[in-house]
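Novice: Got a predicted model here, sequence first, then my questions.
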Protein chains: 4
Amino acid sequence: MKNVPFKGIIAYPITPFDNEEQVDIPLFKKLVERLVASGAHGIATLGSAGVLPYLTDTEKEAITEATIEQVANRVPTLVGVSNLTTERTVYHARFAEKAGASALMIIPMSYWKLTDDEIVKHYDTVASKVSIPIMAYNNPATGGLDMSPALLKRLLEIPNITMIKESTGDVQRMHYLRRELGEEAAFYNGSNPLALAAFAAGARGWCTAAPNLIPGLNLALYEAIQKNDLHAAQNIFLKQVDLLKFIVARGLPRAIKAGLNILGENGGYLRSPLQPLALREIEELEGILGEIERLN
Amino acid sequence: MKNVPFKGIIAYPITPFDNEEQVDIPLFKKLVERLVASGAHGIATLGSAGVLPYLTDTEKEAITEATIEQVANRVPTLVGVSNLTTERTVYHARFAEKAGASALMIIPMSYWKLTDDEIVKHYDTVASKVSIPIMAYNNPATGGLDMSPALLKRLLEIPNITMIKESTGDVQRMHYLRRELGEEAAFYNGSNPLALAAFAAGARGWCTAAPNLIPGLNLALYEAIQKNDLHAAQNIFLKQVDLLKFIVARGLPRAIKAGLNILGENGGYLRSPLQPLALREIEELEGILGEIERLN
Amino acid sequence: MKNVPFKGIIAYPITPFDNEEQVDIPLFKKLVERLVASGAHGIATLGSAGVLPYLTDTEKEAITEATIEQVANRVPTLVGVSNLTTERTVYHARFAEKAGASALMIIPMSYWKLTDDEIVKHYDTVASKVSIPIMAYNNPATGGLDMSPALLKRLLEIPNITMIKESTGDVQRMHYLRRELGEEAAFYNGSNPLALAAFAAGARGWCTAAPNLIPGLNLALYEAIQKNDLHAAQNIFLKQVDLLKFIVARGLPRAIKAGLNILGENGGYLRSPLQPLALREIEELEGILGEIERLN
Amino acid sequence: MKNVPFKGIIAYPITPFDNEEQVDIPLFKKLVERLVASGAHGIATLGSAGVLPYLTDTEKEAITEATIEQVANRVPTLVGVSNLTTERTVYHARFAEKAGASALMIIPMSYWKLTDDEIVKHYDTVASKVSIPIMAYNNPATGGLDMSPALLKRLLEIPNITMIKESTGDVQRMHYLRRELGEEAAFYNGSNPLALAAFAAGARGWCTAAPNLIPGLNLALYEAIQKNDLHAAQNIFLKQVDLLKFIVARGLPRAIKAGLNILGENGGYLRSPLQPLALREIEELEGILGEIERLN
């Protein structure tokens, strides 16, 4: 069977900066530790929440090493190595493999829209240079490219591309993947407000930054699904849906940082051009987190 | 409590025509009878599947009367009375009420995009002229207007508007409706390929023309949901999803007519400009129906 | 050569109603007369501005006859005969031809999205039943269907379909039509804010309701284009662009009625669900018309 | 008056690579020389055609220096310094200024959608660190962010942001800019297929990679506009519109490289993941260039 190290709640820490906008590795490790301690089933770094494209190569390497060191094999690690050029993607993929990552996440970042053949060649080149499994990630909202379900299926023919992360928010694509790939399908949901629908469609896991703020509710949703208890899942999901929509609408790095502050945690600084949420947005988030508190 | 006569599978017959493109009432009654006999929990006529906008006033009245006569109170009836002008909508609403319909379905048909205030006034005027409950229907793909969840909520403040039918295919809107309206929320799914996600989100019923072809699978999905058995629901849904996508992609009147023919039933003729499916589309549908047969 | 009766400014009167929402034929004739007297090169009725889809068959016939009677051959007349069914489109096409219309305008109105083959058959059937020329009209915003340039070209192969009206607002389609059809191309612009770009692209005429309010500026734009004076055209267009955007954004029937009132003319009433502009919209329109007055 | 060094045809060389996918500076200089020699009114490097986001910092600096050296003040130079982070944008802006660029081009590259306030702060920070003029560039198709006309107007209040490049392909935005900014408006068109419409709307210049292949036609269009000869402009534009559409549809770096090869010039190699055009695309381009040759 294919090498698929993830299921359940795969938690995404943000990448925090210090007050001079430099990556704050000690704080990053604390954020990773919180997620592992909260019970997350996997840790994923250098994705959207981790502002991968805003980091230098050196910073990416430091984050990769800090992740693996801090997680210390308690749960599997997923490291983002996406880059505009194939050469740089290979470079970071090899680095992460050597550093001990369980798997790699790759989104085909675009400036010029890539053709399907260019995307396949890009993945194929990178995959041939590493042995650990790869999660192909589709997110047109950030990456600028929309990979069709048919293209995703084509990518899965490359030996070590064993997982798909879908973030389009289109539940029909999940039904397609489930139909095409069978019960063993390893597709993951990356669209937070779609978490219930995606699990209902058979998603094996949920890639999410929400556990930085509400790990209990995220895990409870997965447990209800595991118990085949749809009514419970629905109730648990309804408690968190407003938060899920908020963090997506405001941008994960901004929203998670603000939420950590509200919870009394240090969320660090953002790197420009990203700026903190406005006061009324922070108040809206306080309201949402307060309501969640009240309901539990 | 509000007057909400529907739950479960609300089945939509097509409006069949004879070979001179005139409405074929005897055949229509046969199609209605098949749906009632198959176990559908409600019958809805003069909607999209019933090609409402392609009918004359006289034809609409004949269909309304034939529906109510044939169903004979075995299940509740939902009659579409949508019209571009408010005056004509009132006219048909009153006709359907007098004829004995259980409830009315109204989509705000647009040529000129209506403002929110115009839409509210339109519904309010119609609702004030009848006493039976009304289902407000949102379907931008056919009606040309997209009513926001906030607008739908506003419509529900009108006394006898008690039900919402959502056909945008956006599952997040259903979460919103469920959150806003509570457990008693009477929202219905009108997007066939979203049936599983909508039930998972708490939809009270599914408005669908699929029971013309696969009533058993449609009813079984609802039963699995009623039993809180998500795994069963998922398996049952996966068996029918290809058919659901096909009938939407090809247009319900064309696809249901073709499917009836494949099943050995008379689906009648279409009214121009609508034309029968092309041969290769019919063959695709045969393949899908054959596969469903094989799996059961 | 093909029968192409129109060029220049083709003016669209609105269809006015009395205070009981019945069509007001005497007022309609006055509005037509104003347009002819202002120098418009053609008169087009029963289109979007004339709220065709909100009228009964009888009302459409009365408007058709009133148009032809009032224009009295001083300029050519273009009568809209679009209908959801082919049969009704044929009926109105024959009526308009018999009544003396110079040409017919037909948009393929959709509830169910029509296939290209259905659209071609629809036009072909109607065209075969009349001898006067037909303008095929593409306007996805109101009609719900977008005909590709390739489909429009296919329609032009039908003998008496001799003109295209493009209202998508996509200037590249006009370049395509001009390229494909040559200098004699009879394509018309129906997107008001695109008037300058469309003439620059070679449009033969401009189908517009703006002459109800600012005929002088509309005609002056065409004259500058005829004189090959781009600088003048640009200056004249800039004086009117705010009004053109306003009437499109607010809906032609609502905006033209309000504008007539501001100019001291009777614009009649609207038919529900359409409602008059809100006060602040009327004030915005007063500002725009006042600024135009000031600049002239 | 504001410092606006550009008008007319601003030509974009591609960034060529050698067969090991390293930047080929000698070939780049030859491509720049061809453009200057052809009569282009300005040279712009490190934009979309120049695959800016695929280059390392060192490569960007080498291209910047090579551009300025080769152009040698014969025409003004515009250097792209866009970067995801504000800090890196400042760095490259200062480098380009010191190297002797006439002006800077900046697109707000996004991974996370930036808010309007973030965009303004980003531009303001960069602008405050240099003294040469800046062209703010809007291109949602590549940059992932769409700046509204109102936001662009706000950017123009920053002292040395003196120019706007619009590549949305929406001619109405150009009318807005012309209206708001007056005759001295320095807005430039970056949408090739919109070149005629943009000049008709008052664009001061056209930012384009087309002069790599058809400089004569590009310059002739501008000359016809300067002479206020719309008929001539229309004819000249129609000769080149197919090529303009092709190079945009296929991606400028791929299409210009292929076109150079067809013309017997060395276009170098592309950097992966970008791959050369497929054979049938090259044949299509040969057909288009052959037809242009035939018409002249």
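Specialist: Received it, and whenever you're ready, just let me know what you need. Residues are numbered from 1 along each chain as shown, chains lettered A, B, ... in the order given.

Novice: Every contact and neighbour count from this point should use C-alpha atoms.
Specialist: Noted.

Novice: tell me the contacts of the most centrally placed residue in chain A?
Specialist: Computing the C-alpha centroid of chain A and ranking residues by C-alpha atoms, centre = their mean puts residue A:207 first, at 4.3 Å. Listed by C-alpha atoms under 8 Å, 6 or more residues apart in numbering or on different chains, the contact set of residue A:207 reads A:9, A:10, A:11, A:12, A:165, A:188, A:189, A:190, A:191.

Novice: Around the last one, how many other residues sit close by?
Specialist: Put plainly, it is residue A:191. Number of residues near residue A:191 (other C-alpha atoms under 10 Å in any protein chain shown) recorded here: 22.

Novice: Report the separation between it and chain B.
Specialist: In this view, residue A:191 and chain B are 11 Å apart by C-alpha to the nearest C-alpha, to the nearest Å.

Novice: what's the distance between that residue and residue C:154?
Specialist: 43 Å (C-alpha to C-alpha, to the nearest Å).

Novice: cool, and the fourth one?
Specialist: Here residue A:12 is placed at a distance of 53 Å from residue C:154 (C-alpha to C-alpha).

Novice: okay, these two: which has more neighbours?
Specialist: Legend: neighbour count by other C-alpha under 10 Å for residue A:12 and residue C:154, higher for residue A:12 (27 against 12).

Novice: residues contacting the more buried one?
Specialist: Listed by C-alpha under 8 Å, 6+ apart, the contact partners of residue A:12 are A:43, A:44, A:45, A:47, A:49, A:50, A:207, A:208, A:209, A:210, A:211, A:212.

Novice: quick one, phi psi at the closest residue to chain B within the stretch 101-250 of chain A?
Specialist: With C-alpha to the nearest C-alpha, the shortest gap between the stretch 101-250 of chain A and chain B falls at residue A:197, namely 5.0 Å. Backbone geometry at residue A:197, expressed as degrees, to the nearest 10, gives phi -60, psi -40.

Novice: okay, now residue A:193: neighbour count?
Specialist: 23.

Novice: Dihedrals phi and psi, it?
Specialist: Dihedral pair for residue A:193: phi -70, psi -10, per degrees, to the nearest 10.

Novice: isn't it right next to residue A:240, touching?
Specialist: No: judged on C-alpha atoms under 8 Å, residue A:193 makes no contact with residue A:240 at a distance of 9.0 Å.

Novice: Which residue ranges of chain A form helices?
Specialist: A:25-37, A:57-71, A:86-99, A:116-127, A:140-143, A:149-155, A:171-181, A:195-200, A:215-226, A:230-250, A:252-262, A:279-295 (DSSP state H).

Novice: Get me the contact residues on the stretch 151-296 of chain A for chain B.
Specialist: Proximity of the stretch 151-296 of chain A to chain B (C-alpha under 8 Å from any C-alpha of the partner chain) is limited to residues A:171-172, A:175, A:179, A:193-194, A:196-197, A:200-202, A:228-231, A:234, A:238, A:241.

Novice: With adjacent residues omitted, what lies nearest to the residue of the stretch 1-150 of chain A found nearest chain C?
Specialist: Nearest residue of the stretch 1-150 of chain A to chain C: residue A:113, at 20.8 Å (C-alpha to the nearest C-alpha). Using C-alpha to C-alpha, 6 or more residues apart in numbering or on different chains and skipping the chain neighbours, the partner closest in space to residue A:113 is residue A:145 (6.5 Å).

Novice: who's in contact with residue A:23?
Specialist: Taking C-alpha under 8 Å, 6+ apart, one finds A:15, A:16, A:17, A:59 in contact with residue A:23.

Novice: gap between the last one and residue A:275?
Specialist: What that stands for is residue A:59. Counting by C-alpha to C-alpha, the gap from residue A:59 to residue A:275 is 20 Å.

Novice: circling back: would a markdown table of the contacts of residue A:207 with pLDDT be doable?
Specialist: Shown next, in a markdown table, are the contacts of residue A:207 (pLDDT from 0 to 100):
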| residue | pLDDT |
| --- | --- |
| A:9 | 98 |
| A:10 | 98 |
| A:11 | 98 |
| A:12 | 98 |
| A:165 | 95 |
| A:188 | 96 |
| A:189 | 96 |
| A:190 | 95 |
| A:191 | 95 |
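
Novice: neighbours around residue A:252, how many?
Specialist: Residue A:252: 24 neighbours (other C-alpha under 10 Å).

Novice: Repeat that for the one 5 residues further on.
Specialist: Other residues lying near residue A:257 total 24 when counted by other C-alpha under 10 Å.

Novice: And it, how far from chain D?
Specialist: In terms of C-alpha to the nearest C-alpha, residue A:257 sits 15 Å off from chain D.

Novice: pLDDT score for that residue?
Specialist: Here, the pLDDT recorded for residue A:257 equals 98.

Novice: Is residue A:212 in contact with residue A:260, as I believe?
Specialist: Yes: between residue A:212 and residue A:260 there is a contact at 7.3 Å, judged by C-alpha under 8 Å.

Novice: quick one: which of these two has more around it?
Specialist: Taking other C-alpha under 10 Å, residue A:212 and residue A:260 do not tie; residue A:212 has more neighbours (22 against 16).

Novice: Show me where chain A dips below the pLDDT cut-off.
Specialist: A:1, A:184-185 (pLDDT under 70).
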